[in-house]
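Enquirer: When you get a sec, could you give me coordinates for this:
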Amino acid sequence: MINFTNMKRKYYILLILLLPVATQAYASTKDPIVQSTRFQQRKNSPFYNSWFAGAGIGGQIYFGDHNKQLSLGKRITPNFDLYGGKWINANTGIRVGVNGFQIKGLTQNGSHTTGEVYNAAEGLEKQSFKYVYAHADILVNMHNIIDGYDNERVYSLVPYAGIGVMMTTNEPKATKLSPNLGVLNTFVLTENLHFTADVRGNLVADSFDGEVGGRRGEGTLTVSLGISYTFKKRTFYNWR
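Expert: Residues are numbered from 1 along each chain as shown. Model prediction:
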């Protein structure tokens, strides 16, 4: 007599054993499943990606108490810029930097004087001193915010704001807090290399140049051209 109970048991066991094979065969007839690039990107540690460093050279002008009496061309001096930072995401980045060199202007009290008389009737002498400006900035990529991230975009407009310390290296020495605002223009040269045009203005206390003239503050305007290199560039995605 046939034992249907044993046959059923063997049938179920065989079905269980064949189920993975059938599932695999069915899956092979479908399109291959590709893991989402976005998921892979989210798995990667963001700390190691999109660090950048750059350098620039350009010109600057200082707005002091008596400097407007000196022609613009005689007040422009070289400026050197070094910085490094990181893009936290497609829209926002941070950087720290150092820039400066020399400031030229006029003085009425002899601070940082070169000894050359400019206007004896007004007691003005030419002024020159070295300075360094160390700063930290928050960068905002306006193109990515307005139009979304585009890995093939050639030009980006990046306004920024920051705070730093401006220091003279000549006597009388001064160290003052100095906020700044600027616009960084970036142009893609290669995947990791960018040409930059940076325009920055910053404010500093009236006494920074060694002379108090009753103004609310003084400041510099700097324009520099340079190169920026991104290490291990990260691809960002628009989560919309």
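
Enquirer: ok, residue 122 - contacts?
Expert: Taking CB atoms under 8 Å, 6 or more residues apart in numbering as the criterion, residue 122 is in contact with 69, 108. For glycine as for every other residue, the C-beta is placed from the backbone atoms N, C-alpha and C.

Enquirer: Wasn't it part of a strand?
Expert: No - read with DSSP: H, G, I helix; E, B strand; the rest coil, residue 122 is coil and lies in no strand.

Enquirer: Quick check: it vs residue 66, distance?
Expert: Separation of residue 122 from residue 66 (CB to CB, to the nearest Å): 8 Å.

Enquirer: Spatially central residue in the chain, please.
Expert: Centroid-nearest residue in the chain: residue 95, 4.7 Å away (criterion: CA atoms, centre = their mean).

Enquirer: mind listing what that one touches?
Expert: Counted by CB under 8 Å, 6+ apart, residue 95 has contacts 52, 83, 84, 85, 86, 136, 137, 139, 160.

Enquirer: change it to 6 Å
Expert: By CB atoms under 6 Å, 6 or more residues apart in numbering, the contact list for residue 95 reads 83, 85, 137.

Enquirer: Leaving out the residues flanking it, which one is nearest to it?
Expert: residue 85 (2.7 Å; CB to CB, 6 or more residues apart in numbering).

Enquirer: Secondary structure element holding the one you found?
Expert: Assigned by DSSP states H and E, residue 85 belongs to strand 77-87.

Enquirer: what's that strand packed up against?
Expert: The helices and strands touching strand 77-87, judged by 3 or more CB pairs under 6 Å, 6 or more residues apart in numbering; DSSP states H and E, are strand 51-63, strand 92-107, strand 218-231.

Enquirer: quick one: low-confidence parts of the protein?
Expert: Within the chain, the stretches with pLDDT under 70 are 1-48, 233-240.

Enquirer: and with 80 instead?
Expert: Within the chain, the segments meeting pLDDT under 80 span 1-49, 214-215, 232-240.

Enquirer: ok, the spatially closest residue to residue 219 that is not a sequence neighbour - contacts?
Expert: Leaving aside its sequence neighbours, residue 219 sits nearest to residue 203 (CB to CB, 6+ apart; 4.5 Å). Listed by CB under 6 Å, 6+ apart, the contact partners of residue 203 are 179, 217, 219.

Enquirer: what about the closest residue to residue 166 other than its chain neighbours, how many residues close to it?
Expert: In space, and not counting its chain neighbours, residue 166 is closest to residue 178: 4.2 Å by CB to CB, 6+ apart. Residue 178 has 23 neighbouring residues, counting by other CB atoms under 10 Å.

Enquirer: from what I can see residue 178 touches residue 204, true?
Expert: Yes - Residue 178 is within contact range of residue 204, at 4.4 Å (criterion: CB atoms under 6 Å).

Enquirer: where do the strands sit along the chain?
Expert: Taking DSSP state E as the test, the strands found in the chain are 51-63, 77-87, 92-107, 113-119, 124-140, 155-168, 175-188, 193-204, 218-231.

Enquirer: With distance to residue 57 and neighbour count as added columns, please give the contacts of residue 95 in TSV.
Expert: Below are these laid out as TSV (distance: CB to CB, whole Å; neighbours: other CB atoms under 10 Å):
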residue	distance to residue 57	neighbour count
83	13	22
85	19	21
137	19	23
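
Enquirer: Of those, which is the nearest to residue 191?
Expert: residue 85 (18.1 Å; CB to CB).

Enquirer: What's opposite the closest one in the beta bridge?
Expert: Here residue 85 sits in beta bridges with residue 52, residue 95, going by DSSP bridges.

Enquirer: So it is in contact with residue 97, correct?
Expert: No - in this structure, residue 85 is not within contact of residue 97 by CB under 6 Å, at 7.9 Å.
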